[in-house]
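Undergrad: just to be clear, the model below is a prediction. Sequence and coordinates:
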Amino acid sequence: MEDRLLADCRARLGFDLLANTWNAVVIYALADGPRRPRELRAVIGGISAKVLTETLRRLEGHALVTRHVHAESPPRVEYALTDLGVTLLEPITALGRWSAEHGDAYAAAQGWADPD
């Protein structure tokens, strides 16, 4: 591995993005199209409204998600992936596959696995 990967480089952008637990989860939850915050919380599970809002704002700030406010009363808000956000679905899916295939071994190495 090149030393440059460990220094300040573009590859670290992706690593930093995935370092936040909820970023990849929210991106993946938007894979099928726009969703309202309430729908996202139902699909994701275990995420508070506050943390979801913070995550959506962060992803919007990184140009990975768009926020659309419908001109209705009361206003309806939906979030969707941008074209840039869609490009993250493949690596996030690959990481999910890795987790499904190797998660038990990783958990055991961390001492998280339940003894049989």
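TA: Nice, I can see it.
Undergrad: just the helices from this structure, written as ranges.
TA: 11-19, 21-29, 37-44, 49-61, 83-86, 89-110 (DSSP state H).
Undergrad: give me whichever of those is most buried.
TA: Across the helices of the chain, averaging neighbours per residue (mean count of other C-beta atoms under 10 Å) puts helix 21-29 on top, at a mean of 19. In this view, the C-beta of every residue, glycine as well, is placed from N, C-alpha and C.
Undergrad: next one: that helix to chain centre, how far?
TA: Relative to the chain's own centre, helix 21-29 is displaced by 2 Å; criterion: C-alpha atoms, centre = their mean, to the nearest Å.
Undergrad: pLDDT (mean, whole number) over that helix?
TA: Helix 21-29 shows a mean pLDDT of 96.
Undergrad: likewise for stretch 94-104?
TA: 91.
Undergrad: what does that stretch contact?
TA: Contacts with stretch 94-104, where a contact means C-beta atoms under 8 Å, 6 or more residues apart in numbering, come from L18, A24, Y28, Y106, A113.
Undergrad: okay, which residue is most central for this protein?
TA: A24 (1.7 Å; C-alpha atoms, centre = their mean).
Undergrad: my read: that residue touches I92, true?
TA: Yes. Using C-beta atoms under 8 Å, A24 is in contact with I92, at 4.8 Å.
Undergrad: and Y79, how many residues sit next to it?
TA: 22 (other C-beta atoms under 10 Å).
Undergrad: partners of it in the sheet?
TA: R35, R67 (DSSP bridges).
Undergrad: before we move on, the earlier item: want to throw the helices of the chain into TSV with distance to H68?
TA: Output for the helices of the chain, formatted as TSV (distance: least, C-beta to C-beta, whole Å):
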stretch	distance to H68
helix 11-19	22
helix 21-29	16
helix 37-44	12
helix 49-61	11
helix 83-86	14
helix 89-110	20
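Undergrad: so which of the ones you listed comes closest to P75?
TA: helix 37-44 (12.1 Å; C-beta to C-beta).
Undergrad: circling back to that earlier point, report the two of the contacts of stretch 94-104 separated the most.
TA: Farthest pair in the contacts of stretch 94-104, by C-beta to C-beta: Y28 and A113, 24.7 Å.
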